[in-house]
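> Here's my sequence, what's the structure:
(chains A and B)
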Amino acid sequence: MGNTVQYLALVQSYTIIGISLIIGLGAVAACIGISLMCCSFLNGAARQPELIPTLQGKVFLLMGLIDAPFIIGVGLAMMFAFANPLLAVIK
Amino acid sequence: MNNVAKIIISRDFIKAARWQVIITVLISSVSLMVAGINAAISAIAGGAIVIVGGFAGMVMARRSNGGAPGLVLFSLLKAEVMRLLVIAVLLLVAFKYFRGLVPLPLIGGLAGSALASGAGLRTVNNKNDE
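Just a heads-up that it's a prediction; the model follows:
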């Protein structure tokens, strides 16, 4: 009984560390990607202002694509938070 | 923001959403064959969450006014924040209140739909943009 509780606590604590790494590193990567894209958008808009409407649509779609790994990471993190499959091994 | 920009954003979103729906239905069908009806519903929920989030972002992006690049960029960033918030809240609701949830198909539908959102980029170099 005591060992089981200890193992549960161990798995939960390591899971929390994993969740924070998934969300944190994903957010950092998404921020870097979006900042690079926004920089390019501002460059393009300054050079050719008439292309702003066209570029705007592309930027909107690319933001979704850049954020996709982060969204997948959030989904995985929630799976580990609410339905952790690793705990089933101990029970 | 002028009407041309609003039309372009809506058209790009619709093109992306069409691919997202196709990928979600595909993943849901595979889940139905492999793991049953709950898995199929979970996959559809995962895909629908991303599509609803994208729609919320599109509405936010269309609402802005301003032609300066900085203002346009700010409105796009606000739209992205709204999109992420809606997706996170809907995911939380799905994991908290959906009793028959099967996690892996949900993540599969979510991932497929999120990655398929780049399919709207097929409109690059479209003559209608000019």
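> what about residue A:86, how many neighbours?
When neighbours are defined as other C-beta atoms under 10 Å in any protein chain shown, residue A:86 has 12 of them. In short, each C-beta sits where N, CA and C put it, glycine included.
> which ones are touching the residue lying closest to it once chain neighbours are set aside?
Using C-beta to C-beta, 6 or more residues apart in numbering or on different chains and skipping the chain neighbours, the partner closest in space to residue A:86 is residue A:11 (5.4 Å). By C-beta atoms under 8 Å, 6 or more residues apart in numbering or on different chains, the contact set of residue A:11 is A:84, A:86-87, A:90.
> Distance of residue A:11 relative to residue A:35?
Shown here: residue A:11 relative to residue A:35, a distance of 36 Å by C-beta to C-beta, to the nearest Å.
> Can you classify the residue nearest to residue A:86 by secondary structure?
Look at residue A:11: counting by DSSP: H, G, I helix; E, B strand; the rest coil, its state is helix.
> pLDDT score assigned to the spatially most central residue of chain B?
Centroid-nearest residue in chain B, with C-alpha atoms, centre = their mean: residue B:51, separated by 3.1 Å. Looking at residue B:51, its pLDDT reads 93.
> Got the phi and psi for it?
phi -70, psi -40 (degrees, to the nearest 10).
> Next: residue A:84.
Dihedral pair for residue A:84: phi -70, psi 110, per degrees, to the nearest 10.
> show me what contacts residue A:71?
B:50, B:84, B:87, B:110, B:114.
> List the first helix or strand encountered after the helix or strand harbouring residue A:46 toward the C-terminus.
Assigned by DSSP states H and E, residue A:46 falls within helix A:2-47. For helix A:2-47, the succeeding helix or strand toward the C-terminus, using DSSP H and E, is helix A:52-82.
> ok and that following helix relative to helix A:2-47, angle-wise?
In terms of direction (axes from the mean of the first three to the mean of the last three C-alpha atoms, to 10 degrees), helix A:52-82 departs from helix A:2-47 by 180 degrees.
> after helix A:52-82 comes which helix or strand?
helix A:87-90.
> what's that following helix in contact with?
A:4, A:7-8, A:11-12.
> swap the cut-off to 7 Å and go again
A:4, A:7-8, A:11 (C-beta atoms under 7 Å, 6 or more residues apart in numbering or on different chains).
> Equivalent analysis for stretch B:47-67, please.
A:60, A:64, A:71, B:1, B:6, B:9-10, B:13, B:16-17, B:20, B:24, B:72, B:75-76, B:78-80, B:82-83, B:86-87, B:90-91, B:94, B:109-110, B:112-114, B:117.
> What residues sit buried inside that stretch?
Neighbour counts over stretch B:47-67 (16 or more other C-beta atoms under 10 Å in any protein chain shown) mark B:47-51, B:53-54, B:56-58, B:60-62, B:64 as buried.
> So which of the contacts of residue A:71 sit within strands?
Among the contacts of residue A:71, no residue falls in strands (DSSP state E).
> how far off helix A:52-82 does the host helix or strand of residue B:44 point, in degrees?
For residue B:44, the host element (DSSP H and E) is helix B:37-63. Inter-element angle recorded for helix B:37-63 and helix A:52-82: 140 degrees (by the same axes, to 10 degrees).
> could you check the angle helix A:52-82 makes with the top helix by length along chain B?
For chain B, the helix with the greatest residue count under DSSP state H is helix B:3-35. Interaxial angle, helix B:3-35 versus helix A:52-82 (the same axes, to 10 degrees): 30 degrees.
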